[in-house]
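In: Pasting the sequence and the predicted model now:
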Amino acid sequence: MFGTTLLDRRSKTERVTDQAWQHLVSAVSSAGDSVRDTARSARRGGSGLTDGATDLVGSAAEEARRRATLAFDALAGRRPALPWTLLISAALVGAALGWAAGTAARAAGSRTRDADEIEFVDVDRPNSPVGLDG
């Protein structure tokens, strides 16, 4: 009796969230049982299939846990975490591309400036031994 009055005092959102969580746990549990049953039947079918079925059960269970955690976080109103690895790697790639573009631009700018700085001077030498002056 105490438990029923305690449950009645919760808000509608809390009751709906609790029901949704119970359904999710039930679905994950039944999915895990189904995968385990499939793995058992595959194990009986042949030894070559056993390793594949075991891997399937492990990966399916891991995926079910991951999805259940994400669903629970969504029901609790938590936002998914930022993909920091992706953000940091994108920033590093952007910095490397910017550095490469800057270096290339400086190199291209220095080549054109060197060509413009060359100055040709007409020199008139008196008393040249070769006799080119005149």
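Out: Cool, got the structure.
In: where does this structure have low pLDDT?
Out: 1-9, 39-57, 111-134 (pLDDT under 70).
In: May I see the buried residues of stretch 100-109?
Out: Judged by neighbour count using 16 or more other C-beta atoms under 10 Å, stretch 100-109 contains no buried positions. To be clear about C-beta, it is placed using only N, CA and C from the backbone, and glycine gets the same treatment.
In: And for stretch 86-103?
Out: Using 16+ other C-beta under 10 Å as the burial criterion, none of the residues of stretch 86-103 qualify.
In: Outline the domain layout of the chain.
Out: In terms of domains, the chain is parsed into 1-81, 82-117 (source: automatic domain parsing).
In: among the ones you listed, which is the most enclosed?
Out: Among the domains of the chain, domain 1-81 has the highest mean neighbour count (mean count of other C-beta atoms under 10 Å), at a mean of 12.
In: Give me the three-state assignment for residue 78.
Out: Assigned with DSSP: H, G, I helix; E, B strand; the rest coil, residue 78 falls in the coil class.
In: Check the gap between it and residue 70 for me.
Out: Counting by C-beta to C-beta, to the nearest Å, the separation of residue 78 from residue 70 is 10 Å.
In: same question, residue 28
Out: With the distance defined as C-beta to C-beta, residue 28 ends up 12 Å from residue 70.
In: Fine by me, we can end here.
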